[in-house]
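**Q** just coords:
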């Protein structure tokens, strides 16, 4: 028993978290803002101490997005989280410019900053957002269930059309449909984006069918779970409005819960 004690102590020490992220997490933890904030702090601390670690920078960018999505009251904090996502992603791109992940999360961070400030206040970001998502899709079109293609579709959905910007709902639906095809139809956000586009086009029954498909999905990955769970209120709101045959507001946002444009 005395001989076993040092081995037991070594095992226990190995199990202790060395940082907030080392404690691990389960998918339901991603819906707990305090847990996500702690994990984000841990990953960002690791990124500072390991400036050439690609994976930890991508993880920090991912959790900055999670925290941004969970923040429902403070747009200034949301903007700071979006900017953290951009910083971590830019570092990842510097470390591994040939990999898709950093480019993808850079687009997410820039897009989140634009949505937080308001689309019309952020049109100068559109060329960069399109460029980095196109780069991610070029390097790995299947990354995160073809997310870069879907986000390009979302970009074409939310910005105004010619001559103000590049908005085009036909192109948007093509990109979202391509993302759905490449991913095998497993990503909830694709159905959410498609429903929004069909609603905008007055195709109410088709939009409702997309929401039904959203509801039927069983998440098989962390990002699928997070998107599905954080979008349920939006899906319910969309369903109610579509059933009432309401006209979609051109700036309706399926990935935010508070009005934009309040951050300075």
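**A** Looks like it came in fine. The model shown is predicted, which means the values in this text are computed figures rather than measured ones.
**Q** quick one: buried residues of the host helix or strand of residue 90?
**A** Per DSSP states H and E: residue 90 is located in helix 75-95. Within helix 75-95, the residues that count as buried by 16 or more other C-beta atoms under 10 Å are 75, 78-93, 95. The C-beta positions use only the backbone N, C-alpha and C, and glycine is treated the same way.
**Q** Following element in sequence after the helix or strand harbouring residue 189, please.
**A** Per DSSP H and E, residue 189 falls inside helix 188-200. Using DSSP H and E, the helix or strand that follows helix 188-200 in sequence is helix 204-216.
**Q** Name the residues of that next one that are buried.
**A** Buried residues in helix 204-216 (16+ other C-beta under 10 Å): 204, 207, 208, 210, 211, 213, 214.
**Q** Check the gap between the second one and residue 201 for me.
**A** In this case it means residue 207. Residue 207 sits at a distance of 8 Å from residue 201 (criterion: C-beta to C-beta, to the nearest Å).
**Q** Could you check how many residues crowd around residue 24?
**A** Residue 24 is flanked by 8 other residues according to other C-beta atoms under 10 Å.
**Q** Residue 258: what's it in contact with?
**A** Taking C-beta atoms under 8 Å, 6 or more residues apart in numbering, we find residue 258 in contact with 72, 73, 75, 78.
**Q** try 6 Å this time
**A** Counting by C-beta atoms under 6 Å, 6 or more residues apart in numbering, residue 258 makes contact with residue 72.
**Q** Give me the three-state assignment for it.
**A** coil (DSSP: H, G, I helix; E, B strand; the rest coil).
**Q** how close does it sit to residue 116?
**A** 9 Å.
**Q** Residue 127 now?
**A** From residue 127 to residue 116 the distance is 19 Å (C-beta to C-beta).
**Q** Quick check on these two: which one has the bigger neighbour count.
**A** Per other C-beta under 10 Å, whichever of residue 127 and residue 116 has more neighbours is residue 116, with 26 against 11.
**Q** which helices and strands does the helix or strand the more buried one falls within pack with?
**A** Assigned by DSSP H and E, residue 116 belongs to helix 100-117. Secondary-structure packing of helix 100-117 (3 or more C-beta pairs under 6 Å, 6 or more residues apart in numbering; DSSP states H and E): helix 54-70, helix 75-95, helix 126-139, helix 143-158.
**Q** Pull the contacting residues for the spatially closest residue to residue 143 that is not a sequence neighbour.
**A** Among residues not flanking residue 143 along the chain, residue 100 sits closest, at 4.5 Å (C-beta to C-beta, 6 or more residues apart in numbering). Residues counted as contacts of residue 100 (C-beta under 6 Å, 6+ apart) are 136, 139, 140, 143.
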